[in-house]
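Visitor: fold the following and give me the result.
(one chain, ligands or ions: 1)
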Amino acid sequence: MINYTLPKPKDFEHNIDGKNTHLLTLTNRTGMQIALTDYGARLVSALVPDKYGNLVDVILGFDSIQGYLRAQEKYHGATAGRFCNRIANGKFTLEGQKYTLAQNNGSNSLHGGPGGFHERVWDRQVSFKKKIDFYYVSPDGEEGFPGELKTNVSYELTNENEIVIQFRATTDKTTVLNLTNHAYFNLNGEGNGDTQNHILHIPSEKFIPINAQQIPIGEEYPVRGTAFDFTTPKKIVKDLHAEEEQLRFAHGYDHTFVNIQPINTAAATAYAEQSGISLEVFTSEPGVHLYTGNFLTDDKGKSGHKYLKYGGFCLETQHYPDSPNHPDFPNVILHPGEVFESKTIYKFGVRK
Ligand code: BGC
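Guide: Next up is the predicted model:
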């Protein structure tokens, strides 16, 4: 059995681009603990009780800032933005104006580009020992995006073992945005085998199909009769290796499910039999992007644990990929004077 503890604050004290980085922690009344860092407004750890009452760290990550600097392109626990997921060829047109973004995924822009929000040191404020707010002002033109974007991400730990994440943003020029948290989960504990045996329930009837460059083809496909049918709970491995073009394009699941659940109904639920730990995801976002860690490659994570392919999965709540090039997808445009608001809850439980 792995004995899980939180990383040490001194290993997160560093200076990046002239700003100091920190590790911040929250504890609730049931003993659940989370750790965050202002480097990328990231979730570093979540120690949650398993069915035996032991605390298990269900988030993949690193013991120090150096680990995150080395594995930036994996986005561990990070706030991904300004525009999480892909924008085809890093190009879009908005109000008649053409924009070209920094490219970092072949010709695509992924998760805001190489200098995205995951790389920035955010300002921080802790409230009542239960909530941490991170703030970042992204200058006009950063990574090619229009408008100065004032962004706020808050993480609150409730006594119901929920991590409540809220995003807010305003702009001074019409722009596009899509924000998510990119935590990789292993509900048996990070570094404790892979997650193919996790049981997943996603009540979505439709998903967003992609092409070989992992860009949406502009349609919604029904999940019924395909590997994408999680409407009845099933193990991730059940159809993960099925002969389906959609799975081949992404080397596994790396697809957005159309979410029509209201915020008080889970948009996705994951469960690991060994630990008994469950995760319910609630969101105001129209999509839940399931990424099964297909591109994890042998990173040495916390305590030297190896993170191999499928070693963790993400349930990224977000708008659909490449929305700026698909006017019929849910709106990702923010105008001056509007406030973008979005809420996601990761709720942990145990089944005995
Ligand atoms: C994307 C993957 C990408 C990964 C990077 C995910 O959100 O969908 O395609 O490789 O992030 O860590």
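Visitor: near the ligand, which residues of the stretch 151-300 of the chain? Just list them.
Guide: Q214, D254, Y291, F295 (Cβ under 6 Å from any ligand atom). (Each C-beta comes from the backbone N, C-alpha and C, glycine too.)
Visitor: using CSV, lay out those residues together with pLDDT and secondary structure.
Guide: Formatted as CSV, these follow (pLDDT from 0 to 100; DSSP: H, G, I helix; E, B strand; the rest coil):
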residue, pLDDT, secondary structure
Q214, 98, coil
D254, 98, strand
Y291, 98, strand
F295, 95, coil
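Visitor: quick one, which of the residues you listed are buried?
Guide: Q214, D254, Y291 (16 or more other Cβ atoms under 10 Å).
Visitor: just the pLDDT for I2.
Guide: I2 is assigned 86 on the pLDDT scale.
Visitor: now it: closest residue in space that isn't a chain neighbour?
Guide: For I2, ignoring the flanking residues on the chain, the nearest one in space by Cβ to Cβ, 6 or more residues apart in numbering is G189 at 5.6 Å.
Visitor: what's the following helix or strand after the helix or strand containing T151?
Guide: If you go by DSSP states H and E, T151 is part of strand 149-157. Where DSSP H and E defines the elements, the next helix or strand beyond strand 149-157 is strand 162-171.
Visitor: circling back to that earlier point, what residues of the strand holding T151 count as buried?
Guide: Those buried within strand 149-157 under the rule 16+ other Cβ under 10 Å are L149, T151, N152, V153, S154, Y155, E156, L157.
Visitor: ok, now stretch 165-176?
Guide: Applying 16+ other Cβ under 10 Å to stretch 165-176 flags I165, Q166, F167, R168, A169, T170, T171, K173, T175, V176 as buried.
Visitor: looking at the chain, which helix or strand is least sure?
Guide: strand 299-300 (a mean of 88; mean pLDDT, DSSP states H and E).
Visitor: partners of whichever helix or strand comes after it, with directions?
Guide: The C-terminal neighbour of strand 299-300 among helices and strands, as given by DSSP H and E, is strand 306-307. Neighbouring strands of strand 306-307 in its sheet, by DSSP bridges, are strand 299-300 (antiparallel).
Visitor: contact partners for the residue of the chain most remote from its centre?
Guide: Relative to the centre of the chain, the most outlying C-alpha is that of G96, 31.2 Å out, by Cα atoms, centre = their mean. With contacts defined as Cβ atoms under 8 Å, 6 or more residues apart in numbering, G96 has no neighbours.
Visitor: per-residue confidence for it?
Guide: On the pLDDT scale, G96 gets 97.
Visitor: quick check: the gap between it and the ligand.
Guide: G96 is 30 Å from the ligand, where distance means Cβ to the nearest ligand atom, to the nearest Å.
Visitor: which stretches of the stretch 201-350 of the chain form strands?
Guide: 206-207, 221-222, 234-235, 254-258, 268-271, 277-283, 287-291, 299-300, 306-307, 314-318, 333-334, 340-350 (DSSP state E, counting those that start in this stretch).
Visitor: just the mean pLDDT for the last one, thanks.
Guide: Rounded to a whole number, the mean pLDDT of strand 340-350 is 98.
Visitor: that older thread, and the angle from the strand holding T151 to strand 162-171?
Guide: Interaxial angle, strand 149-157 versus strand 162-171 (axes from the mean of the first three to the mean of the last three Cα atoms, to 10 degrees): 170 degrees.
Visitor: many thanks, have a good one.
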